[in-house]
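Visitor: show me how the following folds:
(2 chains)
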Amino acid sequence: MRLLTHNYLISNVKGTKDGYPLRIEPSEVTVEESPFDQDLVTRILPKLDYAAVKAALSQVVDKVEPKPAEIPESLPDGEIDSPTLEALYHVLFNIHVIEGNLVCPDTGRQFPIKQGIPNMILHEDEI
Amino acid sequence: MNERRNRKYRSVLPHEPLPKEEGGFIHLQGAFEPKKSEKDVEPYWTASSLELALFEALSVRFDDLKLPFPVQSVEILDLSAPFTKVRLGYKTPREAFLVTTTWRSLKLSPSEVFQGVAPFGSHAFQATMITTTPLPDPSWTRSNPPKFRRLLHDHSDIVARSQTRFVYMTSLLENQGPEFSNTFWKKPHAVLQAVREHIDPYDSSGMGIEIFMNKKQHELVQSIHLGTRSPADAQQIVKAFQGKNVAWHYEGQSISSGVLFLDYATVTQKSMSKSKAREKGVEPGKGEASRPECTSTTESIRVPGLVLIEDYLSKAQEEVLMAVLTGPQAPWAPDQQNKSQTGDVKRLVQHYGYVFDYKTADVLRDRSGPGANCPPMPAVEGENRLEEQAADGRGWEVLAGIIKKTRAYEFILDSKEPSHSTSTSYNNLNQLTVNQYRPGEGIGSHVDTPSAFGDGLISIALNGGIVMEFRKVDSPKTKKLVYLPPRSLILMSGPARYEWEHMIVTRRTDTHNGVVIPRKLRVSLTLRTALTLDGNPLPLVESPSFPPVWGDKAKDKSRSFSTPSTERDHVHAVYDAIATQWHHTRGKRGVLWPGATQFLKRLPIGSVVADVGCGDGKYFPAVWQAGSYVIGTDISRPLLETAFSAEGDNVPDTRRVGEHQASLRDRPAVIVGDCMNVPFRSNSVDAAICIAVMHHLSTPERRIRCIEELVRIVRPGGTINIQAWAMKQEENSRRRFAAPDVFVPFNAQPKYLDKVDLNSSSTIPTPTDGKSHAPTESKSVAELYSENYTKADFDERKGLVVFQRYCHMYREGELEHIVQSVEGAKLIESGYESGNHFVILEVL
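Guide: Residues are numbered from 1 along each chain as shown, chains lettered A, B, ... in the order given. Alright, predicted model coming up:
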């Protein structure tokens, strides 16, 4: 699961007040380099919840090797320079949580991640 | 004399026609031995002196011996005492034949032949006709006669029927007792002889016709098999004798045959025990199909009040009814409530109107009482439009229409005697029982409880034909067998309803007019008039809403969206099992619906797309090619895992991605999730696609919910593309759907089947090399698999596991109609493409 993907995920267990963002508890993280797609990351950035991106990074960074470049505290208005975009691209696209849990900030409900695939299926009593 | 001695003789087999040769010969096997008391006396017979004595006895005094003809020659075949083998020569084969048959019935012994002149024993001779002509078929001997089976009338035997030279003939004699005892009773040869007289003229080859008779018929020969010499002769004989009465002549007596019935037959492998087969070093042949009693044997029996109407339903009506009554919405489907299984009946049963309780054998008149809850009778308003509704897949409407038609139907009773014929109709039919008989299931012999149901029981048959047996209550030996073909209606009224029991034997085949018919799945609709205790019809309980709502099943207000068992068993579990084959045969090939790819191409670059129900990620490459990012969700984890599998060679264009997207392809973003609760935050993604998902949702509420979720997760101004299977498929498509809710089979090859973990703890290893593997124990992977997965069938012939996928096919306008119930989005485009309906929405 990339951090980009994580940005969209919520817990919709019945009765949850606010199931976003899910806290990542990683047990295995991998970094895979990929060609920097400046266009794609530029277009996607405005759609994301940036605070959640930062939170997610802080939750996985200990397991990331090598350590990723710093990303800004908040997204600058107007054009973003290339090195920053690269750093952002790297964080969003190249860090993959392979094993771990996604935890609901409200209820603490854990959604397991196995082989990079989060399981968000709700139980009978959660629907 | 000597040269005759050297010729090779053999017994004439019972089925053979008379040999065509000069002279006829008989072999006598017996003991020309002195009586025990005279043992010590020196034998004074020599071969030649014995020959002379015999000759004298059989030629001069043949009449005294009651033999029909004088012998022409006698040869003792033994060179010295004891003399046990004699060959008699007669003028013609016919003479020899008649002498043989007479000899056998007279049981002549040496002492009788010599009439006490010589001191020989009284043990009868064995007389056998012999011949020098070669055996027409050396594999058939007296100890190994051929076995026959009648040829079926279905496609599997059609060619054989025109090419066989064997004819089955039955009803040779009218059902008479020993009145004709002197001539035919216990004299099978007499019957055969009489038959020969009639059929020999049809032999075009000059070699004569074989007649085979089952040994068990020594009292009364009713049926035989003829072996003509060519199919043409066989066909001539069938044509000449079918349905006729014939007079048999023998020894001056004349007897009438029954109504002759003929059919084509073939020789089957004689069934051999395994040990015998091993001994012979051959494969044990399969035994022939069982041959239950044939309907033709009761042809002449009449049951008053029994009326059979064939083709009561059209094929289209039958098809839609079967689709509705055996498909996912069948009355006994797992998600249905108030199922009618009561008592110990094995077959599946559902009552409408009033419940019939098999334990008490009575109608439950108080519909609010325990166990009396059942759906109302289906009703339809207005004129019947059966064909139109059938074409549109409206099975319940068709059922309601059939009930209406049957209530108004004028049944003609006693149609054979027009002057006495009466017509009657049963306007008060208020009870319907739908029965499903799997092959082998039947129903015990009974008269329907007279106080429970009025006169006029009607049963309509769907899909499979069956033989129903009727037995007269006060004389159970009087029996009537009736074949009920599919789409027929049978009415039991008057005596047929009250004085005859009816039943269906539990077995897998029926025999009708000589043809063995294997049983198929059969659904019957039984319409009756349930009565009050006073004998009046109970009030009609009917409803025009479909599917019939049972009892007090209130609408579930809580809107819980847990998975119904239909989808759990027939969608989720199926895709879990077939994931690998699905990916190999659908996903990898990259055949995409053009409308969906167009939709994705039109999206602005850099869109984030949700693919809800993405399966193996078939559409991901199309999103990446369009420069966007896709997150897929699906309920089947095995399917999602196939999205990670390597492409291999020959990647189709639709799945080709550039360098930039290679990393996306290597790690596609997928999530295990249910489309009832899509785990995305609201108003987040730019677009959503939902392809081939809606047709797996089994209720209108779930279909609405799925669209609601799509609308929720897409941002205002974003678009949604939904595509689902249409009921009306393309002209040249192999698929046809008779009703909206159906099971669509998927044939799974054993080599693709994934690990089984559904009902047992054992798992079957997944072959990873793509080859099919040797079976474990004596079962194939496929068989083992289908045993573990109880919802699948095993197709023996093809060695495939057949899964039934639940599908709801959409009618024109149906998707648009559902969208209307969803707030927050508007319909911007809809249409039909390649067997699918699609809608495109814009979120407001």
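Visitor: for chain B, what's its nearest residue on chain A.
Guide: A:R43 (2.6 Å; C-beta to the nearest C-beta). Using the backbone N, CA and C atoms, a C-beta is placed for each residue, glycine as well.
Visitor: now do the contacts for the residue nearest to B:V571 when sequence neighbours are not counted.
Guide: Leaving aside its chain neighbours, B:V571 sits nearest to B:H696 (4.5 Å; criterion: C-beta to C-beta, 6 or more residues apart in numbering or on different chains). Listed by C-beta atoms under 8 Å, 6 or more residues apart in numbering or on different chains, the contact set of B:H696 reads B:567, B:571, B:805-808.
Visitor: what do you get for B:G206?
Guide: By C-beta under 8 Å, 6+ apart, the residues touching B:G206 are B:K20.
Visitor: what does the strand or helix carrying the residue of chain A closest to chain B contact?
Guide: In the assignment (DSSP states H and E), A:R43 maps to helix A:38-44. Applying C-beta under 8 Å, 6+ apart, the set of residues contacting helix A:38-44 from outside is A:4, A:80, A:82, A:85-86, A:88-89, A:92-93, B:604-606, B:608, B:627, B:629, B:660.
Visitor: nearest to B:H502 among these?
Guide: In terms of C-beta to C-beta, no member of the contacts of helix A:38-44 lies closer to B:H502 than B:V608, at 67.4 Å.
Visitor: how close does that closest one sit to chain A?
Guide: Look at B:V608 and chain A: by C-beta to the nearest C-beta, to the nearest Å, they are 6 Å apart.
Visitor: what count of nearby residues applies to that residue?
Guide: Other residues near B:V608 come to 27 when the count uses other C-beta atoms under 10 Å in any protein chain shown.
Visitor: list phi and psi for it.
Guide: Per-residue torsions, B:V608: phi -110, psi 120 (degrees, to the nearest 10).
Visitor: correct me, but it touches B:G632?
Guide: No: B:V608 is not in contact with B:G632 according to C-beta atoms under 8 Å; the separation is 11.9 Å.
Visitor: which of the contacts of helix A:38-44 are buried? Put it as a ChimeraX command.
Guide: Under the burial definition 16 or more other C-beta atoms under 10 Å in any protein chain shown, those of the contacts of helix A:38-44 that qualify are selected in ChimeraX by:
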select /A:4,80,85,88,89,92,93 /B:606,608,627,629
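Visitor: ok, back up a step: which one of the contacts of B:H696 sits closest to B:C614?
Guide: The nearest member of these to B:C614, counting by C-beta to C-beta, is B:V571 at 14.9 Å.
Visitor: give the contact list for the closest one.
Guide: Per C-beta under 8 Å, 6+ apart, neighbours of B:V571: B:696, B:805-806.
Visitor: and of these, the nearest to chain A?
Guide: Checking the contacts of B:V571 against chain A with C-beta to the nearest C-beta, the nearest one is B:H696 at 16.0 Å.
Visitor: for B:T46, see how far away A:E124 is.
Guide: To B:T46, A:E124 is 104 Å away according to C-beta to C-beta, to the nearest Å.
Visitor: also A:N119?
Guide: 105 Å.
Visitor: who's more crowded, these two?
Guide: A:N119 (16 against 13).
Visitor: is that one in contact with A:F111, as I believe?
Guide: Yes: counting by C-beta under 8 Å, A:N119 touches A:F111, with 6.0 Å between them.
Visitor: and the strands in the stretch 451-600 of chain B?
Guide: With strands called from DSSP state E, counting those that start in this stretch, the stretch 451-600 of chain B shows them at B:457-462, B:466-472, B:475-484, B:489-492, B:500-504, B:509-512, B:515-518, B:522-528, B:542-543.
Visitor: quick revisit: let's have the contacts of B:V571 in JSON lines, adding secondary structure.
Guide: Shown next, in JSON lines, are those (DSSP: H, G, I helix; E, B strand; the rest coil):
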{"residue": "B:H696", "secondary structure": "helix"}
{"residue": "B:R805", "secondary structure": "strand"}
{"residue": "B:Y806", "secondary structure": "strand"}
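Visitor: want to throw the residues you listed into a markdown table with pLDDT?
Guide: Output for the contacts of B:V571, formatted as a markdown table (pLDDT from 0 to 100):
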| residue | pLDDT |
| --- | --- |
| B:H696 | 94 |
| B:R805 | 89 |
| B:Y806 | 90 |
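Visitor: what is the neighbour count of residue 30?
Guide: Picking chain A for this. A:T30 has 15 neighbours, counted by other C-beta under 10 Å.
Visitor: switch to chain B, please.
Guide: Counted with other C-beta under 10 Å, residues neighbouring B:G30 total 20.
Visitor: repeat that for A:L75.
Guide: Look at A:L75: counted by other C-beta under 10 Å, it has 14 neighbours.
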